[in-house]
Structure formats: structure tokens, C-alpha cells
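Novice: Model the following, please.
(one chain, ligands or ions: 1)
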Amino acid sequence: MTKFVDLDVVKKSIRNIPDFPKPGIHFKDVSTSYQDGAIFRFIASEIYDHYKDAGITKVIGIESRGFILGSVLANQLNAGFIPIRKPGKLPAEIYSQSYELEYGFDTLEIHQDALNSDDIVLIHDDLLATGGTIGAAIDLVRNFGISKIYVNFFVELDFLKGVEKIDSSVSVWSLVHF
Ligand code: AMP
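Specialist: Residues are numbered from 1 along each chain as shown. A predicted model of the protein is given here:
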């Protein structure tokens, strides 16, 4: 029998972990959504439906949870998959972008030959919180002179207003909101 899945089922499948990885952070654990075949398939197909006519040529996944749905979406959209990685992981020439965290700084990297200026790009990550990570990813993509950038999250934490930090020329859409 096929399991019934809708957005409400998807939302309820996300596990809340209080005070992880540190006190005061309410972690949304998406692994409990991805571990259910019917739910995982529903999430990927809803996101695919949203972008299927956008002409996406490259899907970018942000390490590491952005790789999971990012590669599925690339496959469904008949697009290439590009990883944005943490420092020191990519072996060839890179662009590098540092960004501010709550305490300190972090860096993301992309290969210099990953994209062309005529690519239509979809950047995917599992979750939008404060927006620092996606801001750095967009800055990395800007190195290639790309004019059309789409950004997708499985989950968006509306109360952190991360979306307000994203450049208004970028088209942002999230499947699930808290
Ligand atoms: P931010 O840069 O603040 O938007 O944080 C986004 C990144 O951190 C994403 O890659 C998420 O996987 C992770 N993240 C931040 N806050 C949470 C949270 N409350 N629950 C799960 N993941 C989070």
C-alpha cells in the first residue's frame, strides 16, 4: 500500500533536538524525513516540480546536508551537480569565501571551473537559519558572472529572518516553514 504523504506529514517527520549542538539552538534534524522512502521521494518531487521549467543547468549543494537532495534534484532536472565545500576539501583551483558565524568565521569553497557565465543555477541547502551560509554560497557563484540564481531550502526558519539577508535579485523558495 502506498503511504499518504503531504506537507503536514513532511513537517511532522522533522525531528526537533533541543540544545544541539549547543545550548539555545533548537536543531531541526532532517534525517528523520530522509530515512522514510515515501517522504524523501515526496520532498524531492515537490522541489523538482517547483523548478522543472526554470531551465536549471547546474544544481549546487552546500556541504554536507545540501548534497543529499541536491544530487537527487540535479538528476531529476537533468542538470550537473556542483559541490560547495568546507575548506581544504576541493583539490583543484578554488574560489573561497569567508562569512561570519555567531562566534567567529567560517569559509566555503568552489572549484573555479565548476560553472560558466551562461549557467542557470539552483543552490540547494537543507535549511535556512540566519542566512550566513547561503550568503557566502551566493557570493561564490557571483565569481562566475552568472545572472540567474535560484536558491532552495527544504526547511526555512522564518523567525530568524535569514531570507532578508539574501540579495533581492536571487529567487528564494523553501518547501517547509517553521
Ligand atoms: P545559517 O548560515 O545560519 O543560515 O545556517 C544554515 C546552515 O546551518 C545549514 O547548512 C543548516 O544545515 C545548519 N543549521 C543552522 N541552524 C540549524 C538548525 N536550527 N537546525 C538544523 N540545522 C541548522
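Novice: Please give me every residue in contact with the residue nearest the centre of the chain.
Specialist: Nearest to the mean C-alpha position of the chain, by C-alpha atoms, centre = their mean, lies Asp125 at 1.3 Å. Contact analysis of Asp125 by C-beta atoms under 8 Å, 6 or more residues apart in numbering lists Gly61, Ile62, Arg65, Gly66, Thr133, Ile134, Ala137, Asn152, Phe153. (C-beta placed from N, C-alpha, C; glycine too.)
Novice: how about those in JSON lines, adding pLDDT?
Specialist: Below are these laid out as JSON lines (pLDDT from 0 to 100):
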{"residue": "Gly61", "pLDDT": "99"}
{"residue": "Ile62", "pLDDT": "98"}
{"residue": "Arg65", "pLDDT": "98"}
{"residue": "Gly66", "pLDDT": "98"}
{"residue": "Thr133", "pLDDT": "97"}
{"residue": "Ile134", "pLDDT": "98"}
{"residue": "Ala137", "pLDDT": "98"}
{"residue": "Asn152", "pLDDT": "99"}
{"residue": "Phe153", "pLDDT": "98"}
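Novice: In terms of secondary structure, what does the helix or strand harbouring Asp139 contact?
Specialist: Taking DSSP states H and E as the criterion, Asp139 maps to helix 132-142. With contacts taken as 3 or more C-beta pairs under 8 Å, 6 or more residues apart in numbering; DSSP states H and E, helix 132-142 sits against strand 58-62, strand 94-100, strand 105-111, strand 121-128, strand 149-156.
Novice: So which of those is nearest Thr2?
Specialist: strand 149-156 (21.9 Å; C-beta to C-beta).
Novice: Is the closest one positioned near the ligand?
Specialist: No: Strand 149-156 does not reach the ligand (C-beta under 6 Å from any ligand atom); its nearest approach is 7.6 Å.
Novice: I'd like the next helix or strand past that strand.
Specialist: Immediately after strand 149-156, counting by DSSP H and E, sits strand 171-177.
Novice: and that next one, which residues are buried?
Specialist: Val172, Ser174, Leu175, Val176 (16 or more other C-beta atoms under 10 Å).
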